[in-house]
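*Asks:* Give the three-dimensional model of this entry:
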Amino acid sequence: MSGKFIGGVEDLHGRVPLTRVLAHDHRRWGLLGEPGGGKTTLLRHVAIELLSEPGGPLPIYLKVAELEQGLPTAITALCKSFTAADLAPFVLGEAQAGRAVLLIDGLDEAVDLPAARRWVCGAADLVGQSQVIVASRPIGYTEPAADFHTLTLCPLGAAEQAELLSRWVRDAGRAASALERLSRTPRLRRLAENPLLLTLVGLLLRAGQDVPSRRGDLYERALKLLLTRDHNAEDAAPVAPMREPDLTLELLGWAALRLHGLEGEAYRRDALITALEADARNAARLGKHWSSPAAFVAEVAERTGLLIPDTGRVRDASAYSFPHRTFREFLAATALERDMGAVGAGVASGAGELARVFAEGKARPERWAEVLALTCGRLGPGGADALVQRITKEGNTALLLRVVADAEGISAETVRGTPAGGGGMEQAQARQKVIEEIPALVKDLAVAVGLLEQVAKSTTCGHDLFWVREVLRRIERGEVAGGVLDGSVEDAKRAAKGAADNVLSHLDPAKRAELLALLKPWWRPIPAGSFDMGSERATTTRSPSTASPSPRASRCLACR
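*Replies:* Okay, here's the model as predicted:
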């Protein structure tokens, strides 16, 4: 866990265990982590650890939605759920006496975030000197109060990734091969750093499947596996697989497409049901297998975990969220692909969902970029290029660059035709300038890394590949100013390192070896100070940013 603090806690920095945070004098913390990053698991693990410590503080784990009627009501309901209602006064008394740790999960899952923050503050005011830790996704997070300092859950490191996969597959070689494949693109690298998503990879490996090179294929296989196989622990009560798994994915896709444009990560139960009923044909298909949309939602939540109730229970849930934003984006992409096909075939009325996506993408390109990028991958060659061309005609450069940064299936010609690809410029120096200005052009380091990777894949020119790698290394070293909208700057730096390490991976082995031999002398680690690229001198008047590779290294393999 890394700590990002606002004064007063300078002695906590870098990666620290949560137990060290609990030993700190400060009493109010916000724990941020990506969806599926392990926030709930960590809070529950800490609760179990604290229960095993004689004389330690009493852990109280609650979902934020359970605080709506106040902390005393929530504690009473918690004790009743363990058939220990008579313990409620004792538990509340320990909290008010400062002898408890209040672990509040799912702040981001609340539909009304301002209200949820008030509930947290009310609980914190009631427990005095007891510690309070509230967990949330980073997007949309605002501290419940000024005294809440922020912790960030660390992503899985390389050793932790290998350890997690080893629990699913005994063949160390298969696990290592899977992790190597996941290291090839920023999106897949971030997937490997996420416990939930890497667990899906483990499920695929355990089922005897290989990890596909395209993330869209990976998501589809993993979701189908979740719907068709029993993955319960040996000591858990058996849960039947989902009925009609293909129809389930399709219905969830239509709901995701209609809900994705809304603010927040959680959706009221009524809004989810309305989305399922919006299309008469889909409502009729649902009605053939489930008694109602509510019954469908309950079965999905109880049997698959693809819908998460805000209270942790279906019976009293008022809102639902997807376990990871990636699932919602992929499901929305499957529905968008179907809708585009229906419009193209003339069997759908109106302009279709794509027009709405484009309209909403003008104000919030980051919301729809990944959905469109995944749609490109599903459309395949030709179809992906056509979709990018339609986005280009919309004149939404911010959306276009974000889509191109992560799209699978688009051609090298399409990439080169975008502003980030140089727009067909022939002169090497002009292309170099465009490559160096990509971070400033997109104003998002994570998107810049994706665009630089796409530019690299679209060329065999040694000059261009040299400068793509150079800019990636600058991002990795923190020399490029800028922020990120999704994730953190550290995520972008790690992605830049992985991209730079794999900048020649798209070439066949012979061409890769040939070009690497030409460029390797220029790719030495750069120490502090200025010097000529390839020189042995520690300092000169020229900086790496103005040096160019030799003419021989700049030749394009495609021209040979």
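*Asks:* Restrict stretch 86-106 to CA atoms and write it as CSV.
*Replies:* Written as CSV, here are the backbone C-alpha positions of stretch 86-106 (Å, rounded to 0.1, in the frame of the first residue of the first chain):
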residue,chain,number,x,y,z
ASP,A,86,-27.9,-8.7,22.3
LEU,A,87,-24.3,-7.7,21.5
ALA,A,88,-25.2,-4.5,19.7
PRO,A,89,-25.0,-2.2,22.8
PHE,A,90,-21.6,-3.6,23.6
VAL,A,91,-20.3,-3.2,20.0
LEU,A,92,-21.6,0.4,19.8
GLY,A,93,-20.1,1.1,23.3
GLU,A,94,-16.7,-0.1,22.3
ALA,A,95,-16.8,2.1,19.2
GLN,A,96,-17.9,5.2,21.1
ALA,A,97,-15.1,4.5,23.7
GLY,A,98,-12.4,4.6,21.0
ARG,A,99,-11.7,0.9,21.2
ALA,A,100,-12.8,-0.1,17.7
VAL,A,101,-11.8,0.2,14.0
LEU,A,102,-14.7,1.0,11.7
LEU,A,103,-14.1,-0.5,8.3
ILE,A,104,-16.5,1.0,5.8
ASP,A,105,-16.6,-0.5,2.3
GLY,A,106,-18.1,0.6,-1.0
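*Asks:* what's the spacing between that stretch and its chain's center?
*Replies:* Remark: stretch 86-106 is offset 33 Å from the chain centroid, using C-alpha atoms, centre = their mean, to the nearest Å.
*Asks:* how about it: buried residues?
*Replies:* 88, 91-92, 94-96, 99-106 (16 or more other C-beta atoms under 10 Å). Where C-beta positions appear, they are placed from N, C-alpha and C, glycine not excepted.
*Asks:* Let me know the secondary structure of residue 104.
*Replies:* strand (DSSP: H, G, I helix; E, B strand; the rest coil).
*Asks:* any idea how far it lies from residue 155?
*Replies:* 23 Å (C-beta to C-beta, to the nearest Å).
*Asks:* and if you look at residue 32?
*Replies:* 12 Å.
*Asks:* and if you look at residue 61?
*Replies:* 23 Å.
*Asks:* So for these two, which residue has more residues nearby?
*Replies:* Between residue 61 and residue 155, residue 155 has the larger neighbour count (other C-beta atoms under 10 Å), namely 23 against 18.
*Asks:* In this model residue 191 seems to touch that one, though I could be wrong.
*Replies:* No. Contact between residue 155 and residue 191 fails when scored by C-beta atoms under 8 Å: they sit 10.5 Å apart.
*Asks:* Can you list the buried residues in stretch 212-225?
*Replies:* 212, 214, 215, 216, 218, 219, 220, 221, 222, 223, 225.
*Asks:* meant to ask about stretch 291-304, not that
*Replies:* 293, 296, 297, 298, 299, 300, 301, 303, 304.
*Asks:* wait, isn't the last one in contact with residue 240?
*Replies:* No. Residue 304 is beyond contact range of residue 240, at 10.7 Å (criterion: C-beta under 8 Å).
*Asks:* all helices for the stretch 101-250 of the chain, in order.
*Replies:* Ranges of helices within the stretch 101-250 of the chain are 113-127, 158-166, 172-182, 186-192, 195-206, 215-228, 245-259, based on DSSP state H, counting those that start in this stretch.
*Asks:* how close does residue 25 get to residue 149?
*Replies:* Residue 25 is 12 Å from residue 149, by C-beta to C-beta.
*Asks:* Pick out whichever of those two has more residues nearby.
*Replies:* More neighbours surround residue 149 than the other of residue 25 and residue 149, with 21 against 9 (other C-beta under 10 Å).
*Asks:* picking up where we left off before, may I see the buried residues of stretch 86-106 arranged in a markdown table, with pLDDT and distance to residue 144 as well?
*Replies:* Below are the buried residues of stretch 86-106 laid out as a markdown table (pLDDT from 0 to 100; distance: C-beta to C-beta, whole Å):
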| residue | pLDDT | distance to residue 144 |
| --- | --- | --- |
| 88 | 95 | 24 |
| 91 | 95 | 22 |
| 92 | 95 | 20 |
| 94 | 95 | 22 |
| 95 | 95 | 17 |
| 96 | 95 | 19 |
| 99 | 94 | 22 |
| 100 | 95 | 18 |
| 101 | 95 | 16 |
| 102 | 96 | 12 |
| 103 | 96 | 14 |
| 104 | 96 | 9 |
| 105 | 93 | 14 |
| 106 | 88 | 13 |
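*Asks:* Next, give me the two most distant ones among these.
*Replies:* For those, with distances taken as C-beta to C-beta, the pair at the greatest spread is 99 and 106 (24.5 Å).
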